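**Q** let's see this in three dimensions:
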Amino acid sequence: MEVTMKRLILALLFTTASTAAAQAAAPGTQQTAVQASSAATVMENKYFPEITDAVKNLSLLLRRGAEIKPEKLDALAAEMKKFNDKVKNALGTDILAQAAAEELTAENRARTAAAAAALHALRIKLQAHYAREGGVYPADLAALPGGPHTLHLPGHAQSDAVRIIDSKQYDKDIAAASGDSGGWLYFSNPGSANYGMLLLDCGHKDSEGTEFSKY
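**A** The predicted model follows:
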């Protein structure tokens, strides 16, 4: 998780720096209203060189920090905290709250895309098993190559747990089977109308308002 977060921060830093630099360097190119407004803001910011330099150095520190002597990093840490506190104070609560919301939205979209891809991949494996075994689905997802993928659905911790429904209890109301565990929901009873069905066991909704259990 820490490595992923560092990569995310690094990507954001590079994106911010490269986008700002491109906007400042090419004022004559055709732009949308939003891009033009953003470029104008950059050009009006007299601290642009200092901010860009700080972003570049911080991104370099993230990538090459392991090469720096520990004592230098220890001495830098306290100053970095002071600097960060001053930056947050300058930005203010409104901007920070907006940025946090945007980051959460981006993270949830990434989790959603990953979950949808994992669901598609496992369903393909289930169908392959069904064809290979002459019309029989596995009793458990553990029988599939690689087993169940780990999910990290919005609103849940990471999970590869599988809730197995080995009955016909929910044949008339499949929605009632969801336990909102954040893992998988699999129907394994051969006599069930839902036999072989694989769902995301999550009652939360994606950014479009669709429940994950209906994917």
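
**Q** how far is the helix ranked longest in the chain from where the chain is centred?
**A** In the chain, taking DSSP state H as the definition, the longest helix is helix 70-132. Remark: helix 70-132 is offset 6 Å from the chain centroid, using C-alpha atoms, centre = their mean, to the nearest Å.

**Q** after it, which helix or strand is next?
**A** strand 162-165 (DSSP states H and E).

**Q** neighbouring strands - and their directions - for that following strand?
**A** Strand partners for strand 162-165, identified by DSSP bridges, are recorded as strand 183-187 (parallel).

**Q** as PDB, could you dump the C-alpha coordinates of the strand it pairs with?
**A** Extracted C-alpha coordinates of strand 183-187, given in PDB (Å, rounded to 0.1, in the frame of the first residue of the first chain):
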ATOM      1  CA  GLY A 183     -15.600  -9.900  -1.500                       C
ATOM      2  CA  TRP A 184     -17.100 -12.400  -3.900                       C
ATOM      3  CA  LEU A 185     -20.600 -13.900  -4.000                       C
ATOM      4  CA  TYR A 186     -20.800 -17.300  -5.800                       C
ATOM      5  CA  PHE A 187     -23.800 -19.600  -6.300                       C
END
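
**Q** hey, what's the angle from the longest helix of the chain to strand 183-187? Just curious.
**A** If you take axes from the mean of the first three to the mean of the last three C-alpha atoms, to 10 degrees, helix 70-132 sits at 10 degrees to strand 183-187.

**Q** helix 70-132 packs against which elements?
**A** For helix 70-132, the packing partners by 3 or more C-beta pairs under 8 Å, 6 or more residues apart in numbering; DSSP states H and E come out as strand 198-201. In short, each C-beta sits where N, CA and C put it, glycine included.
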